[in-house]
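In: Task: produce atomic coordinates for the following.
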Amino acid sequence: MIEAIIYDYLKNDAELNIYTEQPKQKPQYFYVMEKTAGGRTDHVNQSTLAIQSYAPTLYEAASMNETLKGIMLDAIKLDEVSDVWINSDYNYTDPTTKQYRYQAVFVVSHY
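Out: Below is the predicted model of the structure:
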């Protein structure tokens, strides 16, 4: 399951404070990852992963997002991953809670 592979990579190798859902007690700085789509062509799976970067300021959320993009592009080094590319990234501040966040969307080809 690619979510588990990428989660472990981000949590353990990159040492990011990442969750797969909103934590009950939110730290100041954290990431939330979710799989938003998937498919399979010629025995190669493709998954779309959205990762939100949360921080106390918009600048810090944007900075976390930039760091994340570099780390995710390096996921190509994982045995199960054959390609990673950035579909998009943008300010994703929650208008209801006013919590600053950025979102980066990645497409990961994997076996």
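
In: tell me which residues of the biggest helix by length in the chain are tucked away?
Out: Secondary structure assigned by DSSP state H gives helix 58-73 as the longest helix of the chain. For helix 58-73, a neighbour-count test (16 or more other CB atoms under 10 Å) marks 60-62, 64-65, 68-69, 71-72 as buried. (C-beta placed from N, C-alpha, C; glycine too.)

In: Using CSV, lay out those together with pLDDT and distance to His43.
Out: Conversion of those to CSV gives the following (pLDDT from 0 to 100; distance: CB to CB, whole Å):
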residue, pLDDT, distance to His43
Glu60, 98, 41
Ala61, 98, 38
Ala62, 98, 38
Met64, 98, 35
Asn65, 98, 32
Leu68, 98, 29
Lys69, 98, 28
Ile71, 98, 27
Met72, 98, 23
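
In: returning to that earlier point: what are the contacting residues of the helix or strand just after the longest helix of the chain?
Out: The helix or strand immediately downstream of helix 58-73 is strand 81-91, counting by DSSP states H and E. Residues outside strand 81-91 that contact it (CB atoms under 8 Å, 6 or more residues apart in numbering) are 5, 44, 48, 58, 61-62, 65, 69, 72-73, 75-76, 102-111.
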